[in-house]
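Visitor: Got a predicted structure here, sequence first:
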Amino acid sequence: MMLSTSNPLQLITCSLDGTIKTWDYLDSELHDNVHVGHAIVGMTASTNWKNRIFVAVCKRGTHAGPSEDKSKEASSTMYSVQLGRSSPRIHKAVKLVRLGKTRPVTHIGVSPDGRWLVATSQAKVHVLDLNDTGDGFTKYATETRITALAFHPDKNVSRFATGEANGKIKIWHCLEQDMAASTAPSNTDQQWQPMALTTTLHWHAHAVAALQYTPDGSQLLSGGEEGVLVLWKLNNGNAAGNDAREFVPRLGAPIVALGIASGYESTEQEYVARLADGSAVFVASLSLKPTRTFSTIKCDATQVLHGAESQKHKAKPVALDRAAGHLVLLSGHPSTLQFIDVATRCHVRDMEIVPSNRVSRPDEQVLTPPSVQLVAFSGPTRHAMHAEWMATVDGRDGGVYTTELSLKFWQWDARTNGYILNTRIDHPHDKGVTSMAFSPYLSDNHLESFMLVTAGGDGQVKTWRMGTRTLKGSRTELFWVCRSSFAYRDTVPSHVAWAPDGSLFAVAQGMFVTLWDPQTLVMQARLATPELKHVHSCDFVGRKGRYLVALGGASRLVAWDLVSQSIVWVATDVHAMTGYGDGFLTLCWDENNSSALQYIRPSEHKVECTWTVPVKLQQTLINASTSTQPDALCLLSLRRNGALVGIGKAASRPPSQASSLHSVAMADARATLFDELFGVGEAEKERVAQALEADASRLHKVMGDVPLTAVMDLFATPPHLLPPMSSMLDAYTDTILPKRPVSSTLGTDEKMTDISTPLEEQVAPRLDALDHVAQARDADLSHLTAVFDKLMSESGDSALASDRPSSRGSKSKRGASRSS
């Protein structure tokens, strides 16, 4: 994706479907749609090549096995694509020129002067002279895989920089030598390969993910997995020294892309870093301090470092604050939670649960950061805009050392508009916490309003309550304390759930589901069935929690009616479930990696409706519906890569038509280039004139009250006590010079004269000769007109066939018709 080099109000995008689209982002319209034919993996352009795009395409399914022919290995083909038809319907390019073939391309770029095309693939740099494409690409070898590419912005300095997987940055000077580089034999294939003069910069410990030159070319920005923005000073003669670089550390996540935001309206230039969690950070160029951050729903930036197997067993806590309508899940780092507004799908805020150092891994060993494992919110109270309490469980596997584990209680603070830590309990269970849940609102007594139940791997189930203590000054402090602890038949509890009225809570442990009275801790019932060998989750469903649904091993589901104490529903191949309305929802998978959701009403003993999702959902279902009707379903789930998926009409916003940006106006906007060339409109002139008139009358009134002696007395004051001279100049000149009437100074338009300077004629490159179109000369117009009249006067088809002009004449005739 990039801005058009000929029209900055247009955006050009390319995709794997083989199309190049040009968008008018002000009017939200598709301007052009060119089909290349193969998946596009890279794109670049230059102002020296008008309406021309250089792309790298890759044919799918060309990867070769070890026994196949080498010519069938994966490769990329470079093309020059000529645009210009400007049709929103898909069409072929005006002209498509093949430039060459290389190994799979990772980066592609054109030099600022438009002469050199550089493409990188693995550990190779391919350079092509666009003025003479007949010689093909020249290849240069590097030490390791190339991960970034950036050109120097000066047209007179033909050099580019590359970043490598070993953390080194190389500045290539091969273009400055006009491709007359020295050569040396290669040790790998015993062939001669060109060698280029390079300058090496090294600070990064891991792969360099992004490179960007500043507009003046004096500094080079780099970033990578370390999450540190590095500024290399290139024009001080010490490019590789410690004094030639500056750092912007702790940006929060690995850097994946860099850009420059030019200053406007007296603001300084800013550096923009796009991070791996999906956010963008703006850094001031003078103070090197982050000024603002734009973020959407963030993803875990550390998931790239861990393998697929570790991601399967990694905890992905998800919870819903029903009072505020906020969904809480992991942010860009496992130790941080993010709050998402379900209605607007906007990122609300981040909250760090575990203080952690965002350091990169040493060498290739992956560090195990502290992570949030579980999160739960208390039920909504009367007239509350947020849940009053939030509980989290965080920890880190210590390996041979002691494992860290903490249960934290957070209380909502309206003054800070966030949660503050109230109680921290280290090692609430000996072998980790498997589940926890807050009770519904139990009592108007603040100390008895909520209760928390936790289940641990040590076989214990613990209940937690609030307590108070008196401090100095007759102040009371609220905290949480363990109320009770119990176990059942040496089983390990895996899940806990509360009844809607808070009178019971259920514990899934072993092959049983036990029901307990939270006040007396007396077991009220024990449910078991041969279909469930091991129960790992349970929940109360129905209007008043009449039914209890349990999900166990072998993906079997059983639903009990607690009133009649009988089984009302049994199902297989169910991987997750959640309560909804009068029944519950079940999640099933099929062979095509898609998911099916079934709404089951136990009282009717049937499946009410089914939804099909074309992706494979994880075993986490969050019911965010505000209504119990099936048409108002709002279900949230996660995919394996951490992406958030919404199911139901209430979860999907109605599609809105794109609106034009022409209606967006800034107050007190400065004059644009078009205003300076062609003048501003009458309404703008009237507004400016009124403002000038008001300022002039106010100044005239103020200065009219200042006597002459008061101004002259300023010269008797010591200079170091005087205000700035710029503030006294107007007052001084008005006192010694006669003032012109205000009415005569208003309404006069200054005439500006445009002086057009002829542009220097540029020699058309050799590749541009392919687009040359012959045009008729003025001297040939009379002859062509006579021939045209003669042909039109002849009536017979045979005569027309016998006197048909040659192909060259017809070409000239078409040129004459266009000229006429």
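Guide: Yep, that arrived. Numbers count the residues shown, from 1 in each chain.
Visitor: gap between the closest residue to A487 other than its chain neighbours and G553?
Guide: Nearest non-adjacent residue to A487, counting by CB to CB, 6 or more residues apart in numbering: G459, 4.8 Å away. Where you see a C-beta, it was placed from the backbone N, CA and C, and this is true even at glycine. For G459, the distance to G553 equals 19 Å [CB to CB, to the nearest Å].
Visitor: got a list of what the residue positioned nearest the centre of the chain touches?
Guide: The chain has G278 as the residue nearest its centroid, 3.5 Å off, counting by CA atoms, centre = their mean. G278 makes contacts with 295-299, 332, as judged by CB atoms under 8 Å, 6 or more residues apart in numbering.
Visitor: re earlier: higher neighbour count, G459 and G553?
Guide: G459 (19 against 12; other CB atoms under 10 Å).
Visitor: What are the phi and psi values at the more buried one?
Guide: Backbone dihedrals for G459, given as degrees, to the nearest 10, come out at phi 90, psi 0.
Visitor: again with the one 5 residues further on
Guide: The phi and psi torsions at W464 (degrees, to the nearest 10) take the values phi -130, psi 140.
Visitor: Name whatever forms a beta bridge with it.
Guide: Beta-bridge partners recorded for W464 (DSSP bridges): L452, C482.
Visitor: In contact with it, which residues are there?
Guide: 451-454, 480-483.
Visitor: Could you identify the buried members of the residues you listed?
Guide: 451-454, 480, 483 (16 or more other CB atoms under 10 Å).
Visitor: G581: which of those is nearest?
Guide: The nearest member of the buried ones among the contacts of W464 to G581, counting by CB to CB, is V453 at 25.0 Å.
Visitor: okay but that closest one is in contact with Q460, surely?
Guide: No. The pair V453 / Q460 is not scored as a contact, 11.1 Å apart, by CB atoms under 8 Å.
Visitor: List the buried residues of stretch 213-233.
Guide: Counting neighbours by 16+ other CB under 10 Å, stretch 213-233 gives 213-214, 217, 219-233 as buried.
Visitor: Out of those residues, list just those in strands.
Guide: In this view, those that belong to strands under DSSP state E are 213, 219-224, 229-233.
Visitor: got these as JSON lines, with pLDDT columns?
Guide: Below are those laid out as JSON lines (pLDDT from 0 to 100):
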{"residue": "Y213", "pLDDT": "95"}
{"residue": "Q219", "pLDDT": "92"}
{"residue": "L220", "pLDDT": "95"}
{"residue": "L221", "pLDDT": "96"}
{"residue": "S222", "pLDDT": "96"}
{"residue": "G223", "pLDDT": "95"}
{"residue": "G224", "pLDDT": "93"}
{"residue": "L229", "pLDDT": "95"}
{"residue": "V230", "pLDDT": "96"}
{"residue": "L231", "pLDDT": "95"}
{"residue": "W232", "pLDDT": "94"}
{"residue": "K233", "pLDDT": "91"}
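Visitor: so where is the stretch 251-400 of the chain shaky, pLDDT-wise?
Guide: 264-266, 304, 306-313, 399-400 (pLDDT under 70).
Visitor: Strands of that one, residue ranges please.
Guide: 255-261, 270-275, 280-284, 290-294, 318-321, 326-330, 336-341, 346-352, 371-377, 389-396 (DSSP state E, counting those that start in this stretch).
Visitor: Show me what the last one is in contact with.
Guide: It stands for strand 389-396. 317, 321, 335, 337, 353-354, 368-378, 403-412, 419, 428, 432-433, 436, 438, 450, 452.
Visitor: Neighbour count says what about those? Which are buried?
Guide: For the contacts of strand 389-396, buried by 16+ other CB under 10 Å: 317, 321, 335, 337, 353-354, 369-378, 405-412, 419, 428, 432-433, 436, 438, 450, 452.
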